[in-house]
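Student: generate coordinates for the sequence data below:
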Amino acid sequence: MKIQRYFFVIFYMLGLATALSQGTILFNDDFKKTLIGEHVSVLTDSLNILVLNDVVNQNHFFKPNKREILNLGLSRNSHWLKFEVENQTNAAYLMLLIDQASINYIALYTKNFKGLYTSVTLGEHQQFKHRKYKHPVYLFDLDLPTGTRSTFYMKVKSDEPIN
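Tutor: Now for the predicted structure:
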């Protein structure tokens with residue numbers, strides 16, 4: 001059985017996907033690549049103190065990104081990203097590709113079927129040999145069964161520009 005994987009990215013250098021206007025990023029079997037920057041909301045943590053529970057409980061502080069390309073620039077701040085994905089493919093899961101290897105810290109938070117969040121943290125702090133995928137870009141599995149949708153949160157921080 002051939003496993004299908006669909007990739008998408010959040011930043012200009014990070015990837016592409018099919019999306020609805022300022023809402024759900026839709027994946028179907030007629031998948032076409034599209035920039036998804038306009039479908040991501042951003043919360044800037046200038047004190048670098050927020051944790052996932054703070055972010056989830058303060059969704060009203062997220063601001064929609066109004067640009068096709070998400071550009072967080074050079075900043076000492078942490079940035080939280082929020083996006084919703086719906087899987088209308090025949091694939092049991094998707095993959096998220098972040099094609100910017102210079103990010104110091106990147107964590108993806110996914111809600112499981114019990115309603116609890118799990119996270120995968122990557123970045124320059126982690127030795128390459130400990131990555132699940134031995135690839136210079138950041139790859140995350142999205143366990144999103146066919147016909148379901150989920151909201152994902154991502155925290156990014158870097159001492160280099162994020163664009």
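
Student: from here on, just use CA atoms for contacts and neighbour counts.
Tutor: Fine.

Student: okay, now Tyr133: neighbour count?
Tutor: For Tyr133, the number of neighbouring residues by other C-alpha atoms under 10 Å comes to 13.

Student: who's in contact with it?
Tutor: Leu139 (C-alpha atoms under 8 Å, 6 or more residues apart in numbering).

Student: for Glu38, see how far away it is.
Tutor: Taking C-alpha to C-alpha, to the nearest Å as the measure, Tyr133 and Glu38 are separated by 28 Å.

Student: phi first, then psi, for Ala101.
Tutor: phi -70, psi -10 (degrees, to the nearest 10).

Student: burial measure for it, as a count.
Tutor: 14.

Student: where exactly do the strands run in the chain?
Tutor: Along the chain, counting by DSSP state E, strands occupy 7-8, 25-28, 41-45, 63-64, 78-88, 94-98, 105-111, 117-123, 138-142, 149-157.

Student: tabulate these in CSV, adding columns for mean pLDDT.
Tutor: Listed next are the strands of the chain as CSV, based on pLDDT from 0 to 100:
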stretch, mean pLDDT
strand 7-8, 49
strand 25-28, 80
strand 41-45, 93
strand 63-64, 91
strand 78-88, 92
strand 94-98, 82
strand 105-111, 94
strand 117-123, 92
strand 138-142, 88
strand 149-157, 93
